[in-house]
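Visitor: Here is a sequence together with a model predicted from it:
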Amino acid sequence: MEKVRWGILSTAKIGREKVIPAMQAGNLCDVVAIASRNTEQGKLVAGKLDIPVVYDSYDKLLGDPQIDAVYIPLPNHLHVEWAIRSLQAGKHVLCEKPIGLSLAEARQLLQASQLHPQLKIMEAFMYRFHPQWIQAKKMVNDGTIGELKTIQSFFSYYNTDPGNIRNQKEAGGGGMMDIGCYCVSLSRFIFGEEPVSVSGNVEFDPVLQTDRMASGILDFSTGTASFTCSTQLTPYQRVNILGTTGRIEIEIPFNAPTDKPTRIWLHTKDDTDEIVFDTANQYTIQCDLFSKAILNNEPVPTSLEDAVNNMKVIEAVFESAGRTKIVTM
């Protein structure tokens, strides 16, 4: 079976602990190289994950003609720069979320990608490919819960370490960029459209200067989506999708476990049905689907325009909070 030859830009934790092993478990991915500015760290990770080639610079990896695509798990502020450089080097690009630090950056990347129409590029929102989300989307579209009216989502963890990249403002840290982006993404995914207005409330850490708690209300005309995310609350995640005749509850919506089944509940007037999904790795599914798009020259599952629109809403949350007024999209 033909496979896409992948290179990894950096030894970031999400890559070495989650995404690279998931790629290696896939049917269409062959991880052939990794690059790290810390040569010893690169060799250590490559040895542990059985990656044959190690580069001591990202540019050297991009110059390797044996690499078809790159996965970018770099800090947020480096996403756009290295995605563009990867495209210019003739590589397909799977880039971690958020796609950039601003709507302007996202649009810059979109424009750059249009200069390379033969190359595939996608923002890595892996949750959308998990069977539980595919089923939830299908039930909404099929009218299983009646008319979709509102979505409530919550995502939090507790981390005040100033050395953690998620708490460094200059690197694009903060709750909205790290986890709030999921809440925005899933709302747009389930409604299947863009909000017409956004209201936001954001609380910043006085020392770290990053947003430590943010809430938003997205108005989709036919319904709403509300969310709260926080980097300084007890860890919790849950999504409820409510319609006129039923409710879908997703127990572990974002970092679904790869070692045990997941479940969602369909609540209706007369009953509650538990739907259990076999063990699945959403990272493996994501990487195989992206690789399939490359091999078959098909559109990627999630367009870069979707990433731009997600950033537009994130920016509107901050704008609304700063101006204490609803922002019309």
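Guide: Arrived safely. Numbers count the residues shown, from 1 in each chain.

Visitor: Run through the residues that contact the residue sitting nearest the centre point of the chain.
Guide: When C-alpha atoms, centre = their mean is applied to the chain, the residue found nearest the centroid is Phe125 (2.7 Å). Contact analysis of Phe125 by C-beta atoms under 8 Å, 6 or more residues apart in numbering lists 97, 182, 185, 302. In short, each C-beta sits where N, CA and C put it, glycine included.

Visitor: For this structure, give me the ranges with low pLDDT.
Guide: For the chain, no stretch has pLDDT under 70.

Visitor: Show me the longest helix that occurs in this protein.
Guide: helix 304-323 (DSSP state H).

Visitor: For it, which outside residues touch it?
Guide: Residues contacting helix 304-323 (C-beta under 8 Å, 6+ apart): 97-100, 102-103, 105-107, 109-110, 113, 121-123, 176-177, 180-181, 184-185, 188, 194-195, 198-202, 211, 214, 216, 218, 326-327, 329.

Visitor: Okay, buried residues for it please.
Guide: 304, 306-318, 320-321 (16 or more other C-beta atoms under 10 Å).

Visitor: how many neighbours does the nearest residue to Val4 once chain neighbours are set aside have?
Guide: Closest residue in space to Val4, ignoring its immediate chain neighbours: Ser291 at 4.1 Å, by C-beta to C-beta, 6 or more residues apart in numbering. Residues lying near Ser291 (other C-beta atoms under 10 Å) number 26.

Visitor: So Ser291 lies in a helix, does it not?
Guide: Yes - under DSSP: H, G, I helix; E, B strand; the rest coil, Ser291 falls within a helix.

Visitor: quick one: which helix or strand includes the residue of the chain most remote from its centre?
Guide: Distance from the C-alpha centroid of the chain, by C-alpha atoms, centre = their mean, peaks at Asp270 (35.6 Å). Counting by DSSP states H and E, there is no helix or strand that carries Asp270.

Visitor: And the strands in the stretch 151-300 of the chain, which stretches?
Guide: For the stretch 151-300 of the chain, the strands defined by DSSP state E, counting those that start in this stretch cover 197-204, 211-219, 224-230, 232-243, 246-250, 262-268, 272-277.

Visitor: which stretches of the stretch 1-150 of the chain form helices?
Guide: Listed in chain order, the helices of the stretch 1-150 of the chain (DSSP state H, counting those that start in this stretch) span 13-14, 20-24, 39-49, 58-62, 79-88, 103-113, 131-141.

Visitor: what would those helices look like in CSV with distance to Ile248 and mean neighbour count?
Guide: Below are these laid out as CSV (distance: least, C-beta to C-beta, whole Å; neighbours: other C-beta atoms under 10 Å):
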stretch, distance to Ile248, mean neighbour count
helix 13-14, 28, 12
helix 20-24, 26, 22
helix 39-49, 37, 16
helix 58-62, 41, 19
helix 79-88, 32, 21
helix 103-113, 30, 18
helix 131-141, 5, 18
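
Visitor: Now tabulate the ones you listed in CSV and tack on distance to Val31.
Guide: CSV is the format used below for the helices of the stretch 1-150 of the chain (distance: least, C-beta to C-beta, whole Å):
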stretch, distance to Val31
helix 13-14, 14
helix 20-24, 5
helix 39-49, 7
helix 58-62, 12
helix 79-88, 16
helix 103-113, 23
helix 131-141, 24
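
Visitor: Spit out the contact partners of the nearest residue to Glu147 once chain neighbours are set aside.
Guide: Counting by C-beta to C-beta, 6+ apart, Glu147 lies nearest to Thr244, which is 4.6 Å off, once chain neighbours are set aside. Thr244 makes contact with 145-147, 149, according to C-beta under 8 Å, 6+ apart.
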